[in-house]
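Asks: Here's a sequence, model it:
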Amino acid sequence: MKIFITRAIPEAGLDLLRASGHDIVISGKDGVLTKGELIAALKAHNPDAVVCLLTDKIDADVFAAASNAKIFANYAVGFDNIDLKVAAEKGITITNTPGVLTDSVAEHAVALIFAVTKRIAESDRFTRAGKYVGWAPMLLLGSDLKGKTLGILGGGRIGSRVLEIMGKGVGMRCLYYDIKRSEELEKATGAEFRASIEEVLREADVVSIHVPLLDSTRHLMNAERFAMMKKSAYLINTSRGQVIDEAALVTALRNGIIRGAALDVYENEPALADGLAELDNVVLTPHTASATDETRSAMSEIAAKNIIAFLKGETPPNVVKSA
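Replies: Numbering: from 1, shown residues only. A predicted model of the protein is given here:
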């Protein structure tokens, strides 16, 4: 069978596909395919399966261009880039790569917490610029974390792991909000449940977001909710950029409504909201929370195994169910 891959991914999965006797075609473009380029490539190669990325918008036009493909294996945990309703109508199977990203994304979120509260990136820029002339008692003061309150929005795998690291490892008091209370999470992490986002925002010194992108979570964090946070609080986001009203965040950071933020994802990637990059009290990384050798290779293998199972007539291990 012919497999089209929209962008180069680690060899681990490609080797599995080749070993199963499949023919692989990888997009030659070094970057994100435009919708027109993706459609043209699919029509030209007429694949039996497609490995797509979260940067690929998969809609009815794209499905129509790959008329022979009955599986799209998303190289990501999230799948908000795919029109699941249309896929279901056309009988197309969608899969993702869950589980393997948990530790790497959680560790990245923790790294962002330390980076912004300890002013690591700001201190690095300061030192490289030759501004460091000697120890000073008031130079680049940050915030301690032990004994402070961490609030998690979204108590899934990643959010739970962040709670575990920061609660048990650092000694933070931990709160979480989720649409469903989890006794298992509470036993594992010692975190306290809060029935509303607002309760978490008012209590937390650090707020870390771990929700999927849904209609209900778009602009979850907006001007009204920033105003509920402590002026000394920090916001962390490794989920999806659109859960934050980025313009409102810039205003909050600029005007001291909150103390700082650290982001790995952006509302209009790769573009940043006006003024965001100029602020010293924000740490920015380029959507690299899962960017480790181990995790990206595991994602490649999972995407390949989903396709291999499907093409054998079996149910793939990671089917995404339509809402």
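
Asks: What about residue 175, how many residues nearby?
Replies: Residue 175 has 21 neighbours, counted by other C-beta atoms under 10 Å. (Glycine included, C-beta is placed from N, CA and C.)

Asks: Residue 279 too?
Replies: Residue 279: 15 neighbours (other C-beta under 10 Å).

Asks: Please apply the same query to the one 4 residues further on.
Replies: A count of nearby residues for residue 283, using other C-beta under 10 Å, gives 24.

Asks: What residues are bridge-paired with the residue lying closest to it once chain neighbours are set aside?
Replies: Excluding the flanking residues, the one nearest residue 283 by C-beta to C-beta, 6 or more residues apart in numbering is residue 262, at 4.0 Å. Beta-bridge partners for residue 262, by DSSP bridges, are residue 236, residue 283.

Asks: Might one say that residue 262 is in contact with residue 282?
Replies: Yes. Residue 262 lies in contact with residue 282 (C-beta atoms under 8 Å); the separation is 6.8 Å.

Asks: coming back round to it: could you tell me how far the residue nearest to residue 283 is located from residue 284?
Replies: Using C-beta to C-beta, to the nearest Å, residue 262 is found at 8 Å from residue 284.

Asks: For those two, indicate the residue with more neighbours.
Replies: The residue with more neighbours, out of residue 262 and residue 284, is residue 262; 27 against 15, by other C-beta under 10 Å.

Asks: Low-confidence regions, the stretch 151-300 of the chain specifically.
Replies: Counting by pLDDT under 70, the stretch 151-300 of the chain contains no low-confidence segment.

Asks: now the strands: where do they sit in it?
Replies: Applying DSSP state E, counting those that start in this stretch to the stretch 151-300 of the chain gives strands spanning 173-177, 192-193, 206-209, 234-237, 260-263, 282-284.

Asks: Given the shortest one, what are its sheet partners and their directions?
Replies: This points to strand 192-193. In the sheet, strand 192-193 lines up with strand 173-177 (parallel) (DSSP bridges).

Asks: So in the chain, which helix runs the longest?
Replies: Criterion DSSP state H: the longest helix present in the chain is helix 293-311.

Asks: can you put the strands of the stretch 151-300 of the chain in CSV and add distance to residue 151?
Replies: Formatted as CSV, these follow (distance: least, C-beta to C-beta, whole Å):
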stretch, distance to residue 151
strand 173-177, 5
strand 192-193, 10
strand 206-209, 5
strand 234-237, 10
strand 260-263, 14
strand 282-284, 18
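
Asks: Could you identify which of the ones you listed is most buried?
Replies: Mean neighbour count (mean count of other C-beta atoms under 10 Å) peaks for strand 234-237 among those, with a mean of 28.

Asks: Distance from that one to the middle of the chain?
Replies: Relative to its chain's centre, strand 234-237 lies at 13 Å (C-alpha atoms, centre = their mean, to the nearest Å).

Asks: what's the answer for stretch 153-162, then?
Replies: 12 Å.

Asks: thinking again about what came up before, I'd like to know which of the strands of the stretch 151-300 of the chain lies nearest to residue 84.
Replies: Residue 84 lies closest, by C-beta to C-beta, to one member of the strands of the stretch 151-300 of the chain: strand 206-209, at 22.4 Å.

Asks: neighbouring contacts of the closest one?
Replies: Under the contact criterion C-beta atoms under 8 Å, 6 or more residues apart in numbering, strand 206-209 has outside partners 109, 113, 117, 145, 148-154, 159, 162, 172, 200-201, 220-221, 229, 233-239, 243-244.

Asks: Counting only helices, which of these make the cut?
Replies: Reading helices off those with DSSP H, I get 109, 113, 117, 159, 162, 200, 201.

Asks: Is it possible to get JSON lines of these that adds neighbour count?
Replies: Shown next, in JSON lines, are the ones in helices among the contacts of strand 206-209 (neighbours: other C-beta atoms under 10 Å):
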{"residue": "109", "neighbour count": "26"}
{"residue": "113", "neighbour count": "23"}
{"residue": "117", "neighbour count": "21"}
{"residue": "159", "neighbour count": "28"}
{"residue": "162", "neighbour count": "30"}
{"residue": "200", "neighbour count": "23"}
{"residue": "201", "neighbour count": "24"}
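
Asks: any chance of these in CSV, with distance to residue 266 too?
Replies: Output for those, formatted as CSV (distance: C-beta to C-beta, whole Å):
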residue, distance to residue 266
109, 16
113, 18
117, 21
159, 20
162, 20
200, 23
201, 21
